[in-house]
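A.B. asks: next input, structure requested:
(one chain, ligands or ions: 3)
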Amino acid sequence: MPATAILGAQWGDEGKGKAIDQLATFSDWAVRFQGGNNAGHTIVVGETTLKLHLLPSGITNNECKLVLGCGMVIDPWVLDQELEGWYSITKERPEGDRLFISDRASVIFPFHRFYDEADKIIGTTGRGIGPTYRDRTERVGIRFADLKFLLNDKNRLSETAERMNKQLSTVDVKKEITSDDLFSDISWILERFSNSIRNTGKMLHSALEDGDQILLEGAQGSMLDIDQGTYPFVTSSITGRANASHGSGIHPGQISSCYGISKAYTTRVGNGPFPTELSLEEGPGKQMSKLGNEFGTTTGRPRRTGWLDLVALKESQRINGYSGLVITKVDVLGDLDEILYCISYSLDGKEIDFLPTATEELSRCKPIYRSLPGFQSRTSEEWISLANKSRKGQGIEILPDSIRNYLKTIEDFVGVPVVSVGVGPDRLASIASPNGPFDFEIPEATF
Ligand code: GDP
Ligand code: IMO
Ligand code: MG
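C.D. replies: Numbering: from 1, shown residues only. Ligands and ions are numbered 1, 2, ... in the order given. Predicted coordinates:
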């Protein structure tokens, strides 16, 4: 049975965690394949809200095995904290039992965090992501498989500490790392996680041969992709479908379907061009921020808000080849007089239908909008009740015409069907297209 990828189709925070939690109902495995704890994936089940940074969102199905894949960069101390949080809720310790760490994944050390915290340009999450990927590319990075060898190699430990200190001095960070620090950090990581470190690519390959269902959980989004995104205001990994297989250690032919998650509007955290950006102080931008609770899951920073950018969404489709789109947070747009969506840009007086590669040009792009009439707001209880009713066969047809017109416009523009519509944060607050991948009864939580 092949694998399914769930990817962010914008600048991150589209609602990937919620979609994975829903699909995990029928999955044997959930795999993170890139990024690290720059990600923040939220799952809301009734009164319980989970904010996951490293643990795959499929953790909510206690039958689902979990992998932190080879494409990831992993901060073991953050993982430890997250596992303690999970234990306090569930009394389960999945590590080594159903949670496995790729031996090829890179370790984020305190050094990487110190270095990243000096960033003044990109507006990174400061979690050490970029510096850890840089070390990997420079071939001086430390993978989980290397830890036990490094521990007994005094020369390498002191060379590593020296390299780290030199680099910190170049960004004026006054922190000193010693080989003793590295020795004790590595000893702790091995003690804490040795039972979980595996050749996970091989495990996933065997699972696919056995007919298991595998979910590949994207982090960030296509516009934050290091190659295809709004460089340099991007993250440091490939966020797309091409890396969903590679970063998991399986081959591209094993991904049979791929769903792109997009909000019904746009948000972005951190710096960089954002053509459809609105003011957070007034009007629709303020409504998106307030009703959408648009604050970063990882850093708590306010997310910038704007209308849906169909140019960017179509670009995301070109990169990833979606089988379907999940449009989230439609509820947030309730009671607006009209809903705007961007269909092209004006750059220096010329209309274009793509994102210019150079930041200097993209930041000069002015959105060209079309509009549709708005729709009446509902309370979150009303939305959940509508969603519950939709599962009796009607699906998306239950939505008012104005919302369906908006969804149809998105489908036609991007050329991909909408398979699920988010109408609230709760796991139950989604309305699926009949017979599509999200058309099922959502079960009670098992945690
Ligand atoms: P991710 O990084 O893609 O997993 O997304 P985040 O969890 O960072 O951000 C999405 C936020 O929107 C979370 O707070 C979710 O609980 C919330 N959310 C997801 N879907 C919906 C929806 O359809 N409506 C509303 N109102 N909130 C949603
Ligand atoms: P999820 O998985 C939104 C942004 C940061 C910054 C840029 C680079 O929750 O969608 P980094 O720390 O990765 O080097 O920062 O990328 N960023 C995200 N924005 N959601 C995320 O993850 C993000 N991960 C990184 O704000 O602009
Ligand atoms: Mg997020």
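
A.B. asks: show me what contacts whichever residue of the chain sits closest to ligand 2?
C.D. replies: Closest residue of the chain to ligand 2, C-beta to the nearest ligand atom: residue 270 (2.0 Å). C-beta here means a position set from N, CA and C on the backbone, and glycine is covered the same way. Applying C-beta atoms under 8 Å, 6 or more residues apart in numbering, one finds that residue 270 lies in contact with 122, 123, 124, 125, 233, 301.

A.B. asks: buried only: go through these for me.
C.D. replies: 122, 124, 125, 233 (16 or more other C-beta atoms under 10 Å).

A.B. asks: distance to residue 105, secondary structure and pLDDT for the contacts of residue 270 - can I get that in TSV?
C.D. replies: Compiled in TSV, the contacts of residue 270 are given as follows (distance: C-beta to C-beta, whole Å; DSSP: H, G, I helix; E, B strand; the rest coil; pLDDT from 0 to 100):
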residue	distance to residue 105	secondary structure	pLDDT
122	23	coil	96
123	25	coil	96
124	19	coil	97
125	18	coil	96
233	25	coil	98
301	26	coil	92
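
A.B. asks: what does the longest helix anywhere in the chain contact?
C.D. replies: In the chain, with assignment by DSSP state H, the single longest helix is helix 154-170. Contacts with helix 154-170, where a contact means C-beta under 8 Å, 6+ apart, come from 109, 111, 114-115, 131, 140, 142, 150-151, 174-179, 181-183.

A.B. asks: so residue 115, which of the three states?
C.D. replies: Following DSSP: H, G, I helix; E, B strand; the rest coil, we place residue 115 in the helix state.

A.B. asks: what count of nearby residues applies to it?
C.D. replies: For residue 115, the count of nearby residues is 24 (other C-beta atoms under 10 Å).

A.B. asks: what about the helices in this protein?
C.D. replies: Under DSSP H, the chain gives helices at 16-23, 76-90, 110-117, 129-138, 147-151, 154-170, 179-193, 200-209, 241-246, 283-291, 310-320, 359-362, 380-390, 401-414.

A.B. asks: among these, which is nearest ligand 1?
C.D. replies: Across the helices of the chain, closest to ligand 1 is helix 16-23 (C-beta to the nearest ligand atom), at 3.4 Å.

A.B. asks: one step back: could I get the helices of the chain in CSV, plus columns for distance to residue 48?
C.D. replies: Shown next, in CSV, are the helices of the chain (distance: least, C-beta to C-beta, whole Å):
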stretch, distance to residue 48
helix 16-23, 11
helix 76-90, 7
helix 110-117, 29
helix 129-138, 28
helix 147-151, 34
helix 154-170, 39
helix 179-193, 26
helix 200-209, 28
helix 241-246, 28
helix 283-291, 21
helix 310-320, 31
helix 359-362, 40
helix 380-390, 15
helix 401-414, 28
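
A.B. asks: neighbours around whatever residue of the chain ends up closest to ligand 1, how many?
C.D. replies: For the chain, the nearest residue to ligand 1 under the criterion C-beta to the nearest ligand atom is residue 422, separated by 2.2 Å. Look at residue 422: counted by other C-beta under 10 Å, it has 26 neighbours.

A.B. asks: now the residue nearest to it when sequence neighbours are not counted: how far from residue 340?
C.D. replies: Nearest residue to residue 422, sequence neighbours excluded (C-beta to C-beta, 6 or more residues apart in numbering): residue 328, at 3.3 Å. With the distance defined as C-beta to C-beta, to the nearest Å, residue 328 ends up 18 Å from residue 340.

A.B. asks: quick revisit: got the phi/psi numbers for the residue of the chain closest to ligand 2?
C.D. replies: Main-chain torsions, residue 270, degrees, to the nearest 10: phi 90, psi -180.

A.B. asks: against ligand 3, how distant is it?
C.D. replies: Distance, residue 270 to ligand 3, using C-beta to the ion, to the nearest Å: 12 Å.

A.B. asks: next: residue 110.
C.D. replies: Taking C-beta to the ion, one finds residue 110 at 24 Å from ligand 3.

A.B. asks: circling back: okay, the helices of the chain, which one's buried deepest?
C.D. replies: For the helices of the chain, ranked by mean neighbour count under the definition mean count of other C-beta atoms under 10 Å, the leader is helix 16-23 at a mean of 27.

A.B. asks: could you report the neighbour count for the nearest residue to residue 7 once chain neighbours are set aside?
C.D. replies: Leaving aside its chain neighbours, residue 7 sits nearest to residue 218 (3.9 Å; criterion: C-beta to C-beta, 6+ apart). Neighbouring residues of residue 218 were enumerated by other C-beta under 10 Å; the total is 33.
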